[in-house]
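# Dropping the sequence and predicted coords here.
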Amino acid sequence: MRFSVGLTALISLVLLPLAGNGDSSRITAAFATAAVSVSPADAGRRQIELPALEYEFSIYVHCEAPAQSARLSVSVADTRYRFDLPDAAASGSVNESLLIPASQLAPIITDGFCVDDDEASHNSLLVEGLLTSSLSLRCSAESEDTIHFASESLAVRLECVEVSEDYETSSTAATVR
């Protein structure tokens, strides 16, 4: 089996102010769904060990005045990124990508997906909740710092694709058992 990684649909997340505190600080994020191409295999249950997955994202942050956005942290599995926000503005956005190593991904068990010579097998499978992203925004003001949290489930889409004989194995190749 050979796999390749691509990106598809967007997942959105909005963190609203905590009830009762009157703070309008917020985080709004959109994560792309990772896609993996899977070549057909024999019928039966199988374990798909995913390659490294890349998630592109856009995050908009806003801190209530007079606070300014200071730092944004994004964590997925054991992968962590920190962004010092430019120009200490109250609002801004970050457009980046996260690469989650294959060693941090649990295998996916499938049955009836991408079966060789079976018209009834499924050719696309969306696995929601494969990973969870944790976001935190630190807003700084002279009198105090506040931290705002959010989390979002990330998905991967498995696509059944015929692979030609001259297909080159890449570093994103995965194992199917």
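Great, that's in hand.

# Only C-alpha atoms from now on, for both contacts and neighbour counts.
Noted.

# is Phe31 in a bridge, and if so with what?
Listed by DSSP bridges, the beta-bridge partners for Phe31 are Ile11, Phe57.

# gap between it and Leu125?
Computed as Cα to Cα, to the nearest Å, the Phe31 to Leu125 distance reads 18 Å.

# Comparing those two, which residue is more hemmed in?
More neighbours surround Phe31 than the other of Phe31 and Leu125, with 25 against 16 (other Cα atoms under 10 Å).

# Glu54 is in contact with that one, correct?
No: taking Cα atoms under 8 Å as the definition, Phe31 is not a contact partner of Glu54, at 10.3 Å.

# I'd say Asn123 and Asp117 touch.
No: if you go by Cα under 8 Å, Asn123 and Asp117 don't touch, sitting 11.7 Å apart.

# quick one, which of those two is more surrounded?
Between Asn123 and Asp117, counting by other Cα under 10 Å, Asn123 is the more crowded of the two (17 against 11).

# what sits against the closest residue to the more buried one other than its chain neighbours?
Distance criterion Cα to Cα, 6 or more residues apart in numbering; nearest residue to Asn123, sequence neighbours excluded, is Cys160 at 4.8 Å. Applying Cα atoms under 8 Å, 6 or more residues apart in numbering, we find Cys160 in contact with 37-40, 113-114, 123-124.

# Check this protein for me, the residue farthest from its geometric middle.
Computed with Cα atoms, centre = their mean, the residue of the chain farthest from its C-alpha average is Ser143, at 35.0 Å.

# Name the helix or strand of this structure that has the lowest mean pLDDT.
Lowest by mean pLDDT, DSSP states H and E among the helices and strands of the chain is strand 5-15, with a mean of 40.

# Confirm Ser103 sits in a strand?
No: membership of Ser103 in a strand is not supported by DSSP: H, G, I helix; E, B strand; the rest coil, which gives helix.

# Pull the contacting residues for it.
Ala52.

# From Leu53, how far out is it?
According to Cα to Cα, Ser103 and Leu53 sit 11 Å apart.

# With Val38 instead?
Counting by Cα to Cα, the separation of Val38 from Leu53 is 14 Å.

# Please identify which of the two sits among more neighbours.
Neighbours were counted for Val38 and for Leu53 using other Cα under 10 Å; Val38 has more, 26 against 23.

# wait, isn't that one in contact with Leu158?
Yes: look at Val38 against Leu158 with Cα under 8 Å: they come within range, at 6.5 Å.

# residues near Ser121, how many?
16.

# likewise Ala35?
For Ala35, the number of neighbouring residues by other Cα under 10 Å comes to 23.
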